[in-house]
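Chemist: Sharing a model prediction with you, sequence too.
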Amino acid sequence: MKMRMGKLGGLVLAAALLMTPAAVRAASAAQSPTPAPTRESAATVVVFNNLDPASVNLAAYYAKRRGIPIDRLIGLECPRTEEITRAQYDETIASPLRKVFAERGWWHVPPEEGMPVSDNQIRFVALIRGIPLKIASVPDYPGDSAKGVLPLLSSNAAAVDSELATLGIRTRRISGPLKNLYYKSFTPFLDMPFAPMMLVCRLDGPTVETVRHMIDGAIEAEQNGLNGFAYVDLRGISQGPMAMGDTWLATAAVGLRQYGMPVIWDNAPDLIPEDFPMDHAAIYLGWYAGSVAGPMARDDFRFEPGAIAVHIHSFSAATLRDAKANWAAPLLAHGAAATIGNVYEPYLALTPNLDLFADRLRNGLTFAESAYASEPVLSWMTTFVGDPLYRPFQGVPNETEEKPAIEYAAYKKGARTWFEKGRTEGTQALQASARRLQSGIVWEGLGLLQWSVLYYDPALESFQEAGKCYGKTEDGLRTVLHQAEILKVEGKMDQARSLAANSLERYKGFHGIVLLRAIIGLPAPDSGK
């Protein structure tokens, strides 16, 4: 196999500190209890910017919460800008890190020029807010060559994360993407013989508070379960090269449904409407708009703790500092614990396959493992934003807990019965749990399952029962919108209009009322018409 990447040349920054006094003090001051080191945390380094006090403190906070040994914290002195030049990357990030790795004995560097490192003790890297995000394209980089690379893919720009993933591959050729040998893997990365490769993610976002919420949300979800709904927003594309995006999302939706998570699936060309009551969102997967839109554009929208949200777009992570720009930063600002984005144009075929990503998450791999197992290439444009060690489906709610965890546990159990033992037995199990718990969540989840297999009349009945349990809430209004959509599909527009008209007063003032009014041809309440 031909291996490349690295950028070995350039000036070596003298001040590449392993741990600063400020970081030590911050680590000591962190209030949360320190967990025992795990196999993964012992193989993780935390890289922060010594020139950014917030970066120092966040690194210490994350390391303490994850039980990462203090000698695994590395302070660099690098630009605080998101975009840097190739020379800045070499001089202030890549070369200092190689120096520390060699001095600490974390990896073995062969004496032969250009040979990859071996025996790497470090498998995961967490970049902390303050470390640059992306490396700009540069002409005439010494040693680089685009020979054999398609012109469309000849760029030598990259996400810092993706470039660092192959830090141990020592060659100056950087143009074009590098094949990812971990792509499509099911194996935990610690068990893979890929010494030159590391799984690099970043804890970054619009504010320091955003990053702390990401860290805390991931750990909370691991402990209590990632409870909530999955919202999957397709575009209704069935043919052509862009159809692969819809295929990824559809496959991910089916897998999440079989896992036991309620899935709301939108197959219309437009995005989920802004006024849709998209509550309890634990997973969001969608595409393709340049700027945040739909319910996630509302100031009052919040994801569930530990939520994972990804919107496919060529420049979804062009910046992580502006809470209103593109997609990655707004998703994090609205409470998501992790996302995936692109810093420059990656082209769809070279972006993470979200069906693989969701599958690996459901099967217990970490966020970093799931992300890199879904990404065909490295040294390219994708950034993975979130705790690399996060296992969102590790925590499982049980029926001894309080609502709503007990309801999600009951739904998951019933949904798995539906898929494993048949729809009849699954329906009976879900109906029994819904009645016992008086649970709108279980009733709505059952209705979504029935709707997915075109059981329209049973789905209508389940949504009606869900609405009774939810009462006068946005959740209740969502069940009315479900019913109206089914009636429209069945060609029963009169019934859909009657249902909407009869629900207007009950749900006045809730998100979703604009959609309800549209069913009967009324303008939005504040339109002035």
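Modeler: Done, it's in. Predicted model only: the values in this text are computed from it and were never measured. Residues are numbered from 1 along each chain as shown.

Chemist: Pop the domain breakdown of the chain in here.
Modeler: The domain map for the chain lists 21-203, 208-369, 405-519, with the assignment taken from automatic domain parsing.

Chemist: Out of those domains, flag the one nearest Phe384.
Modeler: For those, distance to Phe384 was read as Cβ to Cβ. The smallest value, 4.4 Å, belongs to domain 21-203. Where C-beta positions appear, they are placed from N, C-alpha and C, glycine not excepted.

Chemist: quick one: average confidence on that closest one?
Modeler: Across domain 21-203, the average pLDDT comes to 89.

Chemist: Looks like Gly260 contacts Lys412 (just checking).
Modeler: Yes. When contacts are counted by Cβ atoms under 8 Å, Gly260 is listed as touching Lys412 (3.2 Å).

Chemist: What is the burial count for Asp191?
Modeler: The tally of other residues near Asp191 (other Cβ atoms under 10 Å) stands at 8.

Chemist: Nearest to the middle of the protein, which residue? Look it up for me.
Modeler: Taking Cα atoms, centre = their mean, the centroid of the chain lies closest to Thr339, which sits 2.9 Å from it.

Chemist: Can you name the residues bridging to it?
Modeler: In this structure, Thr339 has beta-bridge partners Val385, where bridges are defined by DSSP bridges.

Chemist: is it true that it touches Ala333?
Modeler: No. The criterion here is Cβ under 8 Å, and Thr339 misses it with Ala333 at 10.6 Å.

Chemist: related to what we said a few turns ago, check the residue nearest to the centre of the chain and give its pLDDT.
Modeler: In the predicted model, Thr339 carries a pLDDT score of 98.

Chemist: just to revisit the earlier point, anything in contact with each of Thr339 and Ala333?
Modeler: In terms of Cβ atoms under 8 Å, 6 or more residues apart in numbering, Thr339 and Ala333 are not both contacted by any residue.

Chemist: correct me, but Asp359 touches Val254?
Modeler: No. Under the criterion of Cβ under 8 Å, Asp359 makes no contact with Val254, lying 10.2 Å away.

Chemist: quick one: which of these two has more around it?
Modeler: Here Asp359 and Val254 are set side by side on neighbour count (other Cβ under 10 Å), and the busier one is Asp359, at 21 against 16.

Chemist: wait, what's in contact with Asp216?
Modeler: Residues counted as contacts of Asp216 (Cβ under 8 Å, 6+ apart) are 65, 305.

Chemist: which SS state does it fall under?
Modeler: State at Asp216, reduced to three classes by DSSP: H, G, I helix; E, B strand; the rest coil: helix.

Chemist: Make 57 the first number, not 1, from now on.
Modeler: Will do, 57 is the new start, and the previous item becomes Asp272.

Chemist: got a pLDDT number for it?
Modeler: Note on Asp272: pLDDT of 97.

Chemist: and Arg377, what element?
Modeler: When secondary structure is defined by DSSP states H and E, Arg377 falls outside every helix and strand.

Chemist: Can you give me the pLDDT of it?
Modeler: With respect to pLDDT, Arg377 scores 97.

Chemist: I figured it hits Pro262, correct?
Modeler: Yes. Applying Cβ under 8 Å, one finds Arg377 in contact with Pro262, separated by 5.7 Å.

Chemist: higher neighbour count, these two?
Modeler: Neighbours of Arg377 and Pro262, each counted by other Cβ under 10 Å, are more numerous for Pro262; the result is 20 against 15.

Chemist: That one and Leu223, how far apart?
Modeler: 27 Å (Cβ to Cβ, to the nearest Å).

Chemist: could you list every residue that touches the residue nearest to the centre of the chain?
Modeler: With Cβ under 8 Å, 6+ apart as the criterion, the residues that contact Thr395 are 364-366, 373, 383-384, 387-388, 441-442.

Chemist: of those residues, closest to Lys544?
Modeler: Proximity of those to Lys544, judged by Cβ to Cβ, is greatest for Ala365, which lies at 28.1 Å.
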